[in-house]
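Asker: Coordinates for the following, if possible.
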Amino acid sequence: MAYEHELKLELLDIDGEPFPHAEDGDPVQFAAEFEVGRRPGVKPGMTFVMPFAQPFGALDLAPGAQYLVRLSLDGASHDEWRAKFRIRNAPPAQLAA
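Answerer: A predicted model of the protein is given here:
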């Protein structure tokens, strides 16, 4: 038996608002549908790993600002499916001797 799911990743500002692409103002997000099924012999409740990568291009993220990536699965999201991160300030430029 196979199960169909919808996955969505969103980049949000620290207030939870969608972060826009600089070029067109559309929210930075990724959505995909996928299907999983249990192979013969795999016990119910086993964990499956689904690696993926999605390039978003250049983003204008402000140094020192915090952002949030939110994962939704089939329209549901939980706090533990969110990841906060901060953009580090660039190190001071080194002067050539």
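Asker: for the chain, what spans make up the helices?
Answerer: Here the chain has no helices by DSSP state H.
Asker: Just the CA coordinates for whichever strand in it runs longest, please, in PDB.
Answerer: When the chain is parsed with DSSP state E, its longest strand is strand 2-13. Output of strand 2-13 as PDB, limited to C-alpha atoms (Å, rounded to 0.1, in the frame of the first residue of the first chain):
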ATOM      1  CA  ALA A   2       1.400   3.400  -0.900                       C
ATOM      2  CA  TYR A   3       0.600   6.700   0.700                       C
ATOM      3  CA  GLU A   4       0.700  10.100  -1.000                       C
ATOM      4  CA  HIS A   5       1.900  13.200   0.900                       C
ATOM      5  CA  GLU A   6       2.500  16.900   0.300                       C
ATOM      6  CA  LEU A   7       5.600  18.500   1.700                       C
ATOM      7  CA  LYS A   8       6.100  22.200   2.000                       C
ATOM      8  CA  LEU A   9       9.200  24.200   3.200                       C
ATOM      9  CA  GLU A  10       8.900  28.000   3.800                       C
ATOM     10  CA  LEU A  11      11.400  30.600   4.800                       C
ATOM     11  CA  LEU A  12       9.900  33.000   7.300                       C
ATOM     12  CA  ASP A  13      11.200  36.100   9.100                       C
END
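Asker: List of residues touching the worst-scoring helix or strand of the chain on mean pLDDT?
Answerer: The helix or strand of the chain with the lowest confidence, counting by mean pLDDT, DSSP states H and E, is strand 29-37 at a mean of 89. For strand 29-37, contacts defined as CB atoms under 8 Å, 6 or more residues apart in numbering pick out 1-11, 18, 48, 50, 52, 54, 56. The way it works is simple: take the backbone N, C-alpha and C, and place the C-beta from them, glycine included.
Asker: For burial, what's the neighbour tally of I87?
Answerer: Under the neighbour criterion other CB atoms under 10 Å, I87 is assigned a count of 13.
Asker: Tell me where the chain has strands.
Answerer: Taking DSSP E as the test, the strands found in the chain are 2-13, 29-37, 66-73, 82-86.
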